[in-house]
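Participant: take a look and give me a structure for this.
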Amino acid sequence: MRTLLEGVTIGGKPQAEADQILALSEGMDIMVSEVRAGTFTLRKELSDRIHAAVARHEAIEAGNFRGEGDVTGGGTVLLARGGRIDGDPTGSGGNALVSDHANLLAALSALRDPRAKALVYCASATRSQFYFDGNKRTARIMMTGALIQAGFEAVSIPFIRREEYNFALDTLFTTDDATELIEYLTTCAPISAG
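Facilitator: So this is what the prediction gives:
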């Protein structure tokens with residue numbers, strides 16, 4: 001990954017993998033820039049900008065909620081244990097998803113703990129499937145920005161625990177209960193030395 005970010009391609013790897021890593025880096029750069037400027041907030045406009053970068057190579061319409069652009073449908077998730085689950089309905093012109101996002105932000109305003117806000121945002125945005133593709137990546141970048149803006153370290157999902165993460169996602173999608181995913185994410189946060 002570091003080699004790619006330094007501008008050197010890696011032989012034998014598909015170009016799509018390289019494109020996805022570079023796009024992810026660009027999305028992270030947008031978030032970091034907002035945090036450094038002190039302007040990071042959980043808001044649709046920023047999520048759309050991050051998504052436009054992160055999913056530009058694979059999403060049908062990057063940077064728009066499903067239904068906001070020219071394409072309708074989408075939002076289907078393939079579960080790790082098999083099967084499919086649909087994301088939230090788009091509504092006319094994506095208005096149901098825009099409303100869902102606004103309701104999420106309103107609900108988060110009642111939470112005092114910025115860590116809880118970040119984690120709940122990530123889980124809810126992931127479940128809603130606001131975008132055609134790149135939802136988890138966009139939600140995790142937004143969660144990371146919210147944590148860093150509040151003075152906390154980012155959550156990092158270790159590759160060795162990827163299956164555990166995928167099963168927690170399956171539970172989220174099949175039960176609409178984010179408890180398992182949020183508990184899992186809290187175990188991925190760095191332990192402070194304080």
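Participant: where does the spatially closest residue to residue 128 that is not a sequence neighbour land in three-state SS?
Facilitator: Distances taken as CB to CB, 6 or more residues apart in numbering place residue 88 nearest to residue 128, at 4.6 Å, with adjacent residues excluded. Backbone N, C-alpha and C define where each C-beta goes, glycine included. Secondary structure, DSSP: H, G, I helix; E, B strand; the rest coil: residue 88 is coil.
Participant: any idea how far residue 88 lies from residue 113?
Facilitator: Separation of residue 88 from residue 113 (CB to CB, to the nearest Å): 25 Å.
Participant: the two: which has the busier surroundings?
Facilitator: residue 88 (17 against 10; other CB atoms under 10 Å).
Participant: which residues does that one contact?
Facilitator: Contact analysis of residue 88 by CB atoms under 8 Å, 6 or more residues apart in numbering lists 75, 96, 97, 100, 127, 128, 129, 130.
Participant: any idea how many residues pack against residue 38?
Facilitator: Neighbours of residue 38 using other CB under 10 Å come to 7.
Participant: ok, and the closest non-adjacent residue to it?
Facilitator: residue 149 (7.9 Å).
Participant: likewise residue 127?
Facilitator: Using CB to CB, 6+ apart, the nearest residue to residue 127 is residue 172, at 5.4 Å.
Participant: would you check that that neighbour makes contact with residue 183?
Facilitator: No: using CB atoms under 8 Å, residue 172 is not in contact with residue 183, being 11.4 Å away.
Participant: which residue of the two possesses the greater neighbour count?
Facilitator: Taking other CB under 10 Å, residue 172 and residue 183 do not tie; residue 172 has more neighbours (22 against 11).
Participant: element containing the more buried one, please.
Facilitator: For residue 172, the enclosing helix or strand under DSSP states H and E is helix 162-175.
Participant: the helix or strand following that helix: which residues count as buried?
Facilitator: For helix 162-175, the following helix or strand on the C-terminal side (DSSP H and E) is helix 179-187. By neighbour count on 16 or more other CB atoms under 10 Å, the buried set for helix 179-187 is 180, 181, 182, 184, 185.
Participant: what sits up against helix 179-187?
Facilitator: Residues contacting helix 179-187 (CB under 8 Å, 6+ apart): 119-120, 122-123, 126, 143, 155, 157, 164-165, 168-169, 171-172.
Participant: check contacts around the spatially most central residue of the chain.
Facilitator: Centroid check for the chain by CA atoms, centre = their mean gives residue 139 as the closest residue, at 1.8 Å. Listed by CB under 8 Å, 6+ apart, the contact set of residue 139 reads 121, 122, 123, 125, 126.
Participant: right, I'll call it a day here.
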